[in-house]
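[1] Whatever this is, show me its structure:
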Amino acid sequence: MPRDETNAPRPTETLSSEGAGPADGAAPQKGSRKKVVLGGLALIVVLAGGYEGYGWWTEGRFMIGTDDAYVQADLSLVSSKLQGYVADIPVQSNQHVAKGDVLVRIEDGDYRIALELAEAKLPTLERTLARIDAQIVAAEAGVTQAEAELAGAEAALRTAETAQARAQGLSDRKVTSQAALDTANEDLDTARADKAAALAAITGAEAEVEVLKAQSAETDSGRRELQLAIDQAQRNLDHTVLRAPFDGTVANIAIEAGELVSVGASLAAVIPDRGLYVEANFKETQLAGIVPGEIATVTIDAIAGHEIEGRVVSIAPATGSIFSLLPTDNATGNFTKIVQRVPVRIELPAETEGLRAGLSVVVEIDQRSAPQGTKVAQALQ
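    Numbers count the residues shown, from 1 in each chain. Alright, predicted model coming up:
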């Protein structure tokens with residue numbers, strides 16, 4: 001019997017109809033998974049944003065930070081006060097030294113000779129001064145002797161005056177001769193001359209004393225000048241040895257043995273062991289919340305995860321550009337406003353170790369630590 005192909009099911013239709021059921025059911029499952037993922041991501045974003053917002057509201061909004069900050073040190077540049085050749089450099093770069101350790105020695109032959117010459121002249125002046133002092137004593141004794149002679153001359157004058165008066169009276173009464181009166185008059189004139197001579201001797205002796213005293217003062221002044229010359233020569237000799245001004249590390253030695261050193265030339269640098277601080281350059285728009293006394297958290301780039309608690313010490317009176325070698329001049333036709341930065345000095349604890357001058361740090365200042373009575377503290381209250 002022939003097969004009726006008209007009513008027979010087609011293979012393609014059977015496959016399509018069989019596959020239609022599962023395809024239509026998979027679409028809703030895929031869309032629901034996508035919604036779950038998106039919803040989870042949105043929840044994570046909301047939670048993260050809420051966490052960050054809470055952190056900002058409770059702490060972040062009180063913090064003022066900058067990464068334009070560096071460790072600084074009040075280093076000492078060792079320079080020579082004298083000119084001379086380098087005799088010895090007993091230290092090396094990056095060597096630790098204690099206060100007073102010798103860093104550089106300069107040849108001291110010329111300065112030692114100058115000191116010896118000055119010292120050799122001092123005994124001569126001292127002997128001269130001693131001789132003049134003895135002469136002053138002798139001259140003062142001469143004044144005393146002249147005064148005694150004056151007293152004798154005055155006594156002789158009084159005697160001569162008495163004798164002359166007596167002779168004059170006798171002569172007037174014709175009791176004595178004219179020769180006796182003449183002798184009395186001559187004796188009186190002699191006594192007067194002796195008194196005048198005694199007075200002149202006193203004046204001369206006193207003048208000699210004053211001259212000798214002037215010579216003594218002049219010699220003593222010369223001795224003091226010579227003593228100052230000796231002290232100066234000794235200082236010059238001492239300055240031929242350059243020593244470390246404090247405990248620290250020697251760096252940047254710029255000379256070699258045998259080189260001629262000029263006056264004021266920088267020979268080396270000494271970085272102190274203690275006293276390091278941070279200089280943070282904050283924007284001018286951040287200064288309103290910064291006052292001395294606030295606590296600053298310092299994060300050091302060279303020491304990962306290590307934080308140091310410092311304290312704001314001072315704020316510079318001008319921006320950093322003012323102190324540059326060539327300050328910018330904004331009084332020109334073309335002008336672009338740039339936010340300026342002001343250095344803020346932050347003190348570090350004395351026991352801080354492991355820092356080196358010039359290291360980069362990140363600084364965050366907590367406004368909540370502002371001292372009571374400041375505008376920042378009043379604004380937060």
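[2] T159 and A191 touch, don't they?
    Yes. Here T159 lies in contact with A191, judged by CB atoms under 8 Å, at a distance of 7.2 Å. No exception for glycine: its C-beta is placed from N, CA and C like everyone else's.
[3] got the residue ranges for the strands in the chain?
    Secondary structure of the chain by DSSP state E: the strands cover 63-72, 76-79, 84-88, 96-97, 102-106, 241-243, 248-251, 260-261, 266-272, 277-283, 295-300, 307-315, 341-347, 360-366.
[4] on that earlier part again, so between T159 and A191, which is more surrounded?
    A191 (22 against 13; other CB atoms under 10 Å).
[5] For that one, give its distance to A73.
    91 Å (CB to CB, to the nearest Å).
[6] Any regions of the stretch 201-350 of the chain where pLDDT drops low?
    The stretch 201-350 of the chain contains residues with pLDDT under 70 at 332-333.
[7] still on that earlier bit, redo the strands of the chain as CSV? Include mean neighbour count.
    CSV is the format used below for the strands of the chain (neighbours: other CB atoms under 10 Å):
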stretch, mean neighbour count
strand 63-72, 18
strand 76-79, 15
strand 84-88, 16
strand 96-97, 16
strand 102-106, 19
strand 241-243, 17
strand 248-251, 19
strand 260-261, 16
strand 266-272, 19
strand 277-283, 20
strand 295-300, 20
strand 307-315, 16
strand 341-347, 20
strand 360-366, 21
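[8] Output those strands in CSV; the columns should cover distance to R235.
    Output for the strands of the chain, formatted as CSV (distance: least, CB to CB, whole Å):
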stretch, distance to R235
strand 63-72, 32
strand 76-79, 16
strand 84-88, 14
strand 96-97, 23
strand 102-106, 14
strand 241-243, 12
strand 248-251, 24
strand 260-261, 17
strand 266-272, 19
strand 277-283, 33
strand 295-300, 43
strand 307-315, 36
strand 341-347, 35
strand 360-366, 42
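[9] Would you mind giving the domain segments of the protein?
    Domain segmentation of the chain under automatic domain parsing yields 63-74+273-380, 76-108+241-270, 109-238.
[10] Reformat those as a markdown table; add distance to E52.
    Output for the domains of the chain, formatted as a markdown table (distance: least, CB to CB, whole Å):
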| stretch | distance to E52 |
| --- | --- |
| domain 63-74+273-380 | 14 |
| domain 76-108+241-270 | 43 |
| domain 109-238 | 64 |
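[11] of all those domains, which lies closest to G40?
    domain 63-74+273-380 (31.8 Å; CB to CB).
[12] how long is that closest one from one end to the other?
    Using CA to CA, to the nearest Å, the end-to-end distance of domain 63-74+273-380 comes to 12 Å.
[13] go on, stretch 278-288?
    20 Å.
[14] Strand 84-88 and the helix ranked longest in the chain, what's the angle between them?
    Longest helix in the chain, counting residues (DSSP state H): helix 109-172. If you take axes from the mean of the first three to the mean of the last three CA atoms, to 10 degrees, helix 109-172 sits at 120 degrees to strand 84-88.
[15] Quick check: mean pLDDT of helix 109-172?
    Averaged across helix 109-172, the pLDDT comes to 84.
[16] Counting by contacts, list what it packs against.
    Under the contact definition 3 or more CB pairs under 8 Å, 6 or more residues apart in numbering; DSSP states H and E, helix 109-172 sits against helix 178-238.
[17] Nearest approach to V45 belongs to which of the domains of the chain?
    With CB to CB as the measure, domain 63-74+273-380 is the member of the domains of the chain nearest V45 (23.9 Å).
[18] Tell me how far the closest one lies from the chain's centre.
    22 Å (CA atoms, centre = their mean, to the nearest Å).
[19] now stretch 66-80
    So, by CA atoms, centre = their mean, the centroid of stretch 66-80 is 14 Å from its chain's centroid.
[20] again with stretch 269-277
    14 Å.
[21] Check the separation of the first and last residues in it.
    Stretch 269-277 end-to-end distance (CA to CA) = 18 Å.
[22] what does stretch 167-179 give?
    Start-to-end span of stretch 167-179 (CA to CA) is 10 Å.
[23] do you know how far A379 is from Q145?
    Distance from A379 to Q145, counting by CB to CB: 93 Å.
[24] got it, and Q215?
    21 Å.
[25] which of the two has more neighbours?
    Q215 (17 against 14).
[26] Just grab the bridge partners of V342 for me.
    F282 (DSSP bridges).
[27] so it makes contact with L287?
    Yes. With contacts counted by CB under 8 Å, V342 reaches L287, the gap being 6.0 Å.
[28] okay, and the common contacts of the two?
    I315 (CB atoms under 8 Å, 6 or more residues apart in numbering).
[29] hmm, back to that, do you know which of the strands of the chain lies nearest A48?
    With respect to A48, and counting by CB to CB, the nearest of those is strand 63-72 at 19.4 Å.
[30] so the closest one versus strand 277-283, what angle?
    130 degrees.
[31] the inter-axis angle of strand 63-72 versus strand 295-300?
    Using the same axes, to 10 degrees: strand 63-72 against strand 295-300 is 60 degrees.
[32] what residues does strand 63-72 touch?
    Here strand 63-72 has contacts from 276-283, 286, 289-290, 298, 300, 341, 346, 355-367, using CB under 8 Å, 6+ apart.
[33] Pull the contacting residues for L188.
    L157, A160, E161, A163, Q164.
[34] nearest spatial neighbour of the third one, skipping sequence neighbours?
    Translated: E161. Excluding its sequence neighbours, the residue lying closest to E161 (CB to CB, 6 or more residues apart in numbering) is L188, at 6.0 Å.
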